[in-house]
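Colleague: generate coordinates for the sequence data below:
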Amino acid sequence: MARENSVASEIIDLFPTPILRARKVLPESVLTGLVQQFTPTAVQANARSEQLSHTKLVTPQDNALLEQTSALVTPHLIDFGALLFGERLTWLVKEMWVNVLETGGQQSRHNHANSFISGVLYLTHSHASSNTVFLKAPGGTDFVFNNANARAKLGPYNAGKWVSPDPTPGDLVLFPSYLLHEVPTNVGYRRITLAFNAIPNRLESWGYTLSLSR
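Modeller: Down below sits the predicted model:
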């Protein structure tokens, strides 16, 4: 027999952090062109991993292929920006760089300064060991003592990290630039990605307007 006056309960996702994942954003011709043009120029060594190297920072205006890439990701930036700021703004890709991660390499925990949305385009297949990991910021919002043991079931409210799904070449991931992320040690094959930072052309708050440009 059903209880009278029973009280229904619900879980409310309070202040969630969004991540956008889009499949096959780049066509095969663009993927091939980016890998061929920029892999040989990824000669800047990473300070913490000898098996990771980068190109110099470039802008879409530096190269027709980069300009095409920027145009392909811009609609996704507009959609994602509307989630973050509540308005469909004009977004600018202000800097891009290619990362080449060899077997044994890793990218240490970091976030991106001087931008609002950051993204990763996967140019090659990525071994599961080197999938991008997003991490909860330490301190300030967690219990001092947590329940970390073999019986605990991890979920979005108690986990400290989230491992992105296996990407395929051409896939895109967008995230707020403040979000900590890393790439664990790659025990597989060479992994090539194109990372970038983006800013809106303006932000307006109660009569104050901040105009931004590259």
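
Colleague: OK, contacts around the residue lying closest to Lys56 once chain neighbours are set aside?
Modeller: The shortest distance from Lys56 to any non-neighbouring residue, by C-beta to C-beta, 6 or more residues apart in numbering, is to Gln44 (6.5 Å). To be clear about C-beta, it is placed using only N, CA and C from the backbone, and glycine gets the same treatment. With contact taken as C-beta atoms under 8 Å, 6 or more residues apart in numbering, Gln44 is in contact with 53-56.

Colleague: check Asn111 too.
Modeller: Contact partners of Asn111, counting by C-beta under 8 Å, 6+ apart, are 118, 177-181.

Colleague: which stretches in this protein count as strands?
Modeller: Ranges of strands in the chain, per DSSP state E, are 20-22, 44-45, 52-54, 91-101, 107-110, 117-122, 133-135, 161-163, 172-176, 180-183, 191-200, 202-205, 208-211.

Colleague: one step back: check the contacts of Gln44 and tell me the two furthest apart.
Modeller: Pairwise distances across those (C-beta to C-beta) peak at 11.2 Å, for the pair Ser53 and Lys56.

Colleague: and those two? Which one has more around it.
Modeller: Ser53 (19 against 12; other C-beta atoms under 10 Å).

Colleague: who does the more buried one form a beta bridge with?
Modeller: Beta bridges link Ser53 to Ala45, Val100 when assigned by DSSP bridges.

Colleague: any figure for the gap between it and Pro169?
Modeller: Between Ser53 and Pro169 the computed distance is 19 Å (C-beta to C-beta, to the nearest Å).

Colleague: mind listing what's buried in stretch 61-70?
Modeller: Within stretch 61-70, the residues scored as buried using 16 or more other C-beta atoms under 10 Å are 63, 65-66, 68-70.

Colleague: in helices only, show me the residues you listed.
Modeller: 65-66, 68-70 (DSSP state H).

Colleague: need the residues you listed in a markdown table (columns: pLDDT).
Modeller: Output for those, formatted as a markdown table (pLDDT from 0 to 100):
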| residue | pLDDT |
| --- | --- |
| Leu65 | 97 |
| Leu66 | 98 |
| Gln68 | 98 |
| Thr69 | 98 |
| Ser70 | 98 |
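
Colleague: now the two most distant members of these.
Modeller: Leu65 and Ser70 (9.8 Å).
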